[in-house]
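**Student:** build me a model from this:
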Amino acid sequence: MKKLLTLLLVVIGLQAFAQNDSLKYYNKLRINTTSNGMEILGAWGLVNTGGSALGWANSATPQSRYFYQMNTIWGGVDFLTALLGYTGTKNLSNKNLSAAEIVKQQERIEKIFKINSYFDIAYLGAGAYLTIAGNSRNSDQMKGYGESVLLQGGFLLIFDGLMYKAEKGNGTRLRHFLEKHPITFNGRQVGIIFEM
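**Tutor:** Here you go, the predicted model:
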C-alpha cells in the first residue's frame, strides 16, 4: 500500500511538473506574440516618423504639410507605445508566474487589443469627419490631418485586429490546456482536482 501511494504521488508530481512546463510554454507564447507585435509597431512608428518628417520638410502644398505633420506625431506616439509595451512584456518574462497569474495576463492582453480596436474605429470616424469637414470648409489643415488620421487609424485597426486574433488564439489554447489538465503545481504544493 505504501509503495502504491508513493507511486501515485510520483505520477501526480510528474504530471504537475509537466503542467508547469506547459504553462511556461503558454506564457512564453504570449510574451513572444506581444513582443513581436511591439517590434512591428515600433518599426512602423520609426519609419512613419522618419519618412513623414522628410515629407513635412519637403511638402509642396499646405495640405501635404499637415498630412506629414500629423503622421510624424502619430509615428512618435506609436514608437513610444511600442517601446513601453515591449519593455513591460520583457519585464514580465523574467517573473515566475503562477497558473492564475498566467491566465490573468493572457486575459489582460486580449482585452487591451480588443479595446484598442474600438479606439481605432473611432480614429477612422474622426479622420473621415476631418476630411469631409476640410473639404466643405476648404481647410487644408483639416483635410491633411483627416487623411493622416484615416491612414493611421486604418493601420492600427489592422494591427490591433491581427494582434487580438493571435492573442485570442493563444488564450484559447491555454484555456483548453487548463481544462484538460486540472493538476496544479505552484512550486511548493501538488494538487489534483476530482469532479464529483
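**Student:** what are the ranges of the helices in this structure?
**Tutor:** 2-57, 62-93, 99-137, 140-180 (DSSP state H).
**Student:** ok, now how distant is Glu39 from Gly85?
**Tutor:** As judged by CB to CB, to the nearest Å, Glu39 and Gly85 stand 10 Å apart. C-beta: built from backbone N, CA, C; applies to glycine.
**Student:** now do Gly55
**Tutor:** 26 Å.
**Student:** can you list contacts of stretch 123-143?
**Tutor:** Under the contact criterion CB atoms under 8 Å, 6 or more residues apart in numbering, stretch 123-143 has outside partners 61-63, 65-66, 144-154, 156-157.
**Student:** picking that back up, would you list the helices of the chain in JSON lines and tack on mean neighbour count and mean pLDDT?
**Tutor:** Listed next are the helices of the chain as JSON lines, based on neighbours: other CB atoms under 10 Å; pLDDT from 0 to 100:
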{"stretch": "helix 2-57", "mean neighbour count": "15", "mean pLDDT": "78"}
{"stretch": "helix 62-93", "mean neighbour count": "18", "mean pLDDT": "96"}
{"stretch": "helix 99-137", "mean neighbour count": "16", "mean pLDDT": "96"}
{"stretch": "helix 140-180", "mean neighbour count": "18", "mean pLDDT": "96"}
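**Student:** show me the contacts for the nearest residue to Ala166 once chain neighbours are set aside.
**Tutor:** Nearest non-adjacent residue to Ala166, counting by CB to CB, 6 or more residues apart in numbering: Thr33, 5.2 Å away. Remark: with contacts taken as CB under 8 Å, 6+ apart, Thr33 is in contact with 163, 166-167, 170.
**Student:** columns distance to Lys180 on top of those, output as JSON lines?
**Tutor:** As requested, those are exported to JSON lines (distance: CB to CB, whole Å):
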{"residue": "Met163", "distance to Lys180": "26"}
{"residue": "Ala166", "distance to Lys180": "22"}
{"residue": "Glu167", "distance to Lys180": "21"}
{"residue": "Asn170", "distance to Lys180": "16"}
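**Student:** report the two of the residues you listed separated the most.
**Tutor:** Met163 and Asn170 (10.6 Å; CB to CB).
**Student:** pretty sure Gly171 sits against Phe113.
**Tutor:** No. Shown here, Gly171 and Phe113 do not form a contact pair, counting by CB atoms under 8 Å, at 10.9 Å.
**Student:** re earlier: measure the residue nearest to Ala166 to Trp44 for me?
**Tutor:** The value you get for Thr33 to Trp44, if CB to CB is used, is 17 Å.
**Student:** give the residues shared as contacts by Glu39 and Gly85.
**Tutor:** By CB under 8 Å, 6+ apart, no residue touches both Glu39 and Gly85.
**Student:** state the phi and psi torsions of Arg94.
**Tutor:** Just to correct that, residue 94 is Asn rather than Arg. In terms of degrees, to the nearest 10, the main-chain angles of Asn94 are phi -90, psi -10.
**Student:** noted, bye for now.
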